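Enquirer: quick one, structure for this:
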Amino acid sequence: QVQLAESGGGLVQAGGSLRLSCAASGGTFSTYSMGWFRQAPGKEREFVAVINWSGSTYYANSVKGRFTISRDNAKNSVHLQMNSLKPEDTAVYYCAAQEYGRAEFDYWGRGTQVTVSS
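Expert: All right, here's what the predicted structure looks like:
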């Protein structure tokens with residue numbers, strides 16, 4: 001069983017930066033794809049970014065060029081560096097893990113709140 005714990009959320013002004021972290025325990029972290037998702041009030045959860053076991057990354061168009069996902073297999077952690085933040089980035093951000101060969105993300109953290117003020 002994999003457990004995920006996010007940290008690093010907070011309140012920031014538009015144009016500012018935040019770095020989210022997700023610590024994983026259990027399982028074989030280096031073989032998982034790790035993703036970040038977010039859910040704004042009244043909206044469905046949406047994909048933000050993913051990094052696979054080999055380090056390949058993919059981003060939602062809305063964050064491309066502003067957000068960077070990275071992983072540290074030695075520390076079983078994944079990070080999301082968020083720059084040039086906009087009020088529309090306000091949401092609860094979730095970390096998720098996808099086992100190799102699986103189509104779905106099987107494990108989820110509890111989320112961390114990011115609020116961007118205008």
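
Enquirer: and the residue nearest to the spatial centre of the chain, how far from residue 18?
Expert: With the centre of the chain defined as its mean C-alpha position, the nearest residue by CA atoms, centre = their mean is residue 36, 2.6 Å away. Per CB to CB, to the nearest Å, residue 36 is found 12 Å from residue 18. The C-beta positions use only the backbone N, C-alpha and C, and glycine is treated the same way.

Enquirer: for the residue nearest to the centre of the chain, report the pLDDT, please.
Expert: In the prediction, the pLDDT value recorded for residue 36 is 98.

Enquirer: could I get the pLDDT score of the residue nearest to it when sequence neighbours are not counted?
Expert: When the adjacent residues along the chain are set aside, residue 36 lies closest to residue 48, with 4.3 Å between them (CB to CB, 6 or more residues apart in numbering). On pLDDT, residue 48 comes in at 98.

Enquirer: tell me if residue 48 really is in a strand.
Expert: Yes: read with DSSP: H, G, I helix; E, B strand; the rest coil, residue 48 is one of the residues of a strand.

Enquirer: which residues touch the closest residue to residue 25 other than its chain neighbours?
Expert: With CB to CB, 6+ apart as the criterion, residue 25 has its nearest non-adjacent residue at 4.9 Å, and that residue is residue 3. In this structure, residue 3 makes contact with 24-26, 107, judged by CB atoms under 8 Å, 6 or more residues apart in numbering.

Enquirer: same check, this time on residue 30
Expert: 53, 73.

Enquirer: helix/strand/coil for it?
Expert: helix.

Enquirer: same question, residue 62
Expert: With three-state DSSP as the basis, the three-state label of residue 62 is coil.

Enquirer: residue 62 and residue 88, how far apart?
Expert: Looking at residue 62 against residue 88, where the rule is CB to CB, the gap reads 8 Å.
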